[in-house]
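K.L.:
Predicted model and sequence follow; I will ask about them next.
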Amino acid sequence: MSAIRIKNLMKSYGDFLALKGINLEIKESEIFALLGPNGAGKTTLIRILAEGLKFDSGDIEVFGKKLSKKTARLIGYVPQESISYDLLTVEENLAFYADLYDAPKERIKELIKRFDLPAKKKARELSGGFKRRLNLAISLLYEPKILILDEPSTGLDVPSRRQLWEIIKGFKREGKTILLATHYMEEAEALADRIAIMNEGRVVAVGTADELKALIGEESIIQVEGILKGVEGIGEIFPRFIEKSGTLRIHVKNSREALPKIVELLISAGSEIKAIKVEEPTLEDVFLKLTGRALDEV
Ligand SMILES: Nc1ncnc2c1ncn2[C@@H]1O[C@H](COP(=O)(O)OP(=O)(O)OP(=O)(O)O)[C@@H](O)[C@H]1O
């Protein structure tokens, strides 16, 4: 059974069409990622599902029933911004939301234990990682079957991010369905069973990471590292490339022919090349191929 089914969903803000006909099916007990740059429409889609944000047209079903206040109870939601109160302790925050959601009080102790939370600490004293865990705990107070997470690891350091990923994988093992929005391809790849790539209000591709990477087809990716100059010249011959902190990834049809040309162009412009290799495609390469731009370009 599908946990969420979305048909031809449109949403505008005034004259601006933010969602231009989204079709998606999220299966029960899968981790499904919406991957796209800022502005792709991920938060808008999530807010429609989790906050009852009004939409223009389309159909949404949750476990086979039309999205409504009743089905909303099946969905737990962790928004981008923290919903905990800084001046309340962890325990008080959970008690406040348990009251609001009419959730059983016994859940509070259980969640504190499960997430290893410091019950008596004020929320403002928590590190970023623990604050995110508190927000997760709040969203689980009434045991939703679907958990929606908006950019769950933004702002977290690498160890906290990895801990959070383990927690999210644990939810899946319990049978929960997880929908998350992210602009980190590593996050989508590390967590998701399936990924929808979103750009400018549209889903441009859906599949497992491997299925999406297969969309690159016959092309190869050449990666050059070093102090790089003359990158504009590369763009004239190989229009699809991503340049990021001293690394250049260039999409080419024939790597054997392209390699000497790339080296010559870069060296003659005064580059210091430290490494050059043919690489496996990443989801960012797929995004570039499908949309003509890099994932974190705004
Ligand atoms: N309340 C609003 N009023 C007008 N335009 C909005 C509003 N909320 C979002 N938008 C616009 O709709 C588009 C999609 O925004 P949305 O926040 O859904 O994208 P996103 O993919 O979640 O990006 P982010 O990660 O930045 O939240 C953007 O162009 C944004 O400027």
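P.N.:
Okay, I see it.
K.L.:
tell me which residues in the helix or strand K261 falls within are buried?
P.N.:
Under the criterion of DSSP states H and E, K261 resides in helix 255-268. The neighbour-count check on helix 255-268 (16 or more other CB atoms under 10 Å) flags S255, A258, L259, I262, L265, L266 as buried. In this view, the C-beta of every residue, glycine as well, is placed from N, C-alpha and C.
K.L.:
ditto for stretch 287-298
P.N.:
Buried residues in stretch 287-298, counted by 16+ other CB under 10 Å: F287, L288, K289, T291, A294, L295.
K.L.:
Tell me where the model's unsure across the protein.
P.N.:
Along the chain, the parts satisfying pLDDT under 70 run over 297-298.
K.L.:
Within range of the ligand, give me the residues from it.
P.N.:
Listed as neighbours of the ligand in the chain under the rule CB under 6 Å from any ligand atom: Y13, F16, A18, G36, N38, G39, A40, G41, K42, T43, T44.
K.L.:
contacting residues for the third one?
P.N.:
Taking CB atoms under 8 Å, 6 or more residues apart in numbering as the criterion, A18 is in contact with K11, S12, G41, T44, G201.
K.L.:
any chance of these in a markdown table, plus neighbour count?
P.N.:
What follows is the contacts of A18, written out as a markdown table (neighbours: other CB atoms under 10 Å):
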| residue | neighbour count |
| --- | --- |
| K11 | 22 |
| S12 | 15 |
| G41 | 23 |
| T44 | 20 |
| G201 | 22 |
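K.L.:
and of the residues you listed, the nearest to the ligand?
P.N.:
Using CB to the nearest ligand atom, T44 comes nearest to the ligand of these, at 3.3 Å.
K.L.:
The closest one reaches K11, doesn't it?
P.N.:
Yes: using CB atoms under 8 Å, T44 makes contact with K11 at a distance of 5.7 Å.
K.L.:
Any quick PyMOL command for the buried ones out of the residues of the chain next to the ligand?
P.N.:
To isolate the buried members of those in PyMOL, using 16+ other CB under 10 Å:
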select buried, resi 18+36+40+41+42+43+44
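K.L.:
Count the neighbours of G76 for me.
P.N.:
23 (other CB atoms under 10 Å).
K.L.:
Shouldn't it be within a strand?
P.N.:
Yes: per DSSP: H, G, I helix; E, B strand; the rest coil, G76 lies within a strand segment.
K.L.:
Could you number the chain from 19 rather than 1 from now on?
P.N.:
All right, first residue 19 from here; so that's G94.
K.L.:
what about the helices in the stretch 119-268 of the chain?
P.N.:
Taking DSSP state H, counting those that start in this stretch as the test, the helices found in the stretch 119-268 of the chain are 124-132, 146-157, 176-191, 203-209, 227-231, 249-255.
K.L.:
Compare the ones you listed and give me the one nearest E99.
P.N.:
Closest to E99 of the helices of the stretch 119-268 of the chain, according to CB to CB: helix 146-157, at 9.2 Å.
K.L.:
Quick check: the residue nearest the centre of the chain vs F50, distance?
P.N.:
The centroid of the chain falls nearest to T200 when counting by CA atoms, centre = their mean (1.7 Å). Distance, T200 to F50, by CB to CB, to the nearest Å: 11 Å.
K.L.:
Tell me the buried residues in stretch 28-47?
P.N.:
So for stretch 28-47, counting by 16+ other CB under 10 Å, buried means K29, A36, L37, I40, L42, I44, S47.
K.L.:
What of stretch 287-297?
P.N.:
Across stretch 287-297, burial judged by 16+ other CB under 10 Å covers S289, I294.
K.L.:
on that earlier part again, downstream neighbour of the helix holding K279 in the secondary structure list?
P.N.:
Following helix 273-286 in sequence, per DSSP H and E, is strand 290-297.
K.L.:
Neighbouring strands - and their directions - for that next one?
P.N.:
strand 238-245 (antiparallel) (DSSP bridges).
K.L.:
From the chain's centroid, how far away is the strand it pairs with?
P.N.:
Computed by CA atoms, centre = their mean, to the nearest Å, the chain-centroid distance of strand 238-245 equals 26 Å.
K.L.:
got the CA coordinates for it in PDB?
P.N.:
What follows is strand 238-245, C-alpha atoms only, in PDB (Å, rounded to 0.1, in the frame of the first residue of the first chain):
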ATOM      1  CA  SER A 238      31.800   9.900 -18.300                       C
ATOM      2  CA  ILE A 239      32.700  12.300 -15.600                       C
ATOM      3  CA  ILE A 240      36.300  13.600 -15.500                       C
ATOM      4  CA  GLN A 241      37.300  15.000 -12.100                       C
ATOM      5  CA  VAL A 242      40.200  17.400 -11.900                       C
ATOM      6  CA  GLU A 243      41.700  18.700  -8.600                       C
ATOM      7  CA  GLY A 244      44.200  21.400  -8.000                       C
ATOM      8  CA  ILE A 245      44.600  25.200  -8.400                       C
END
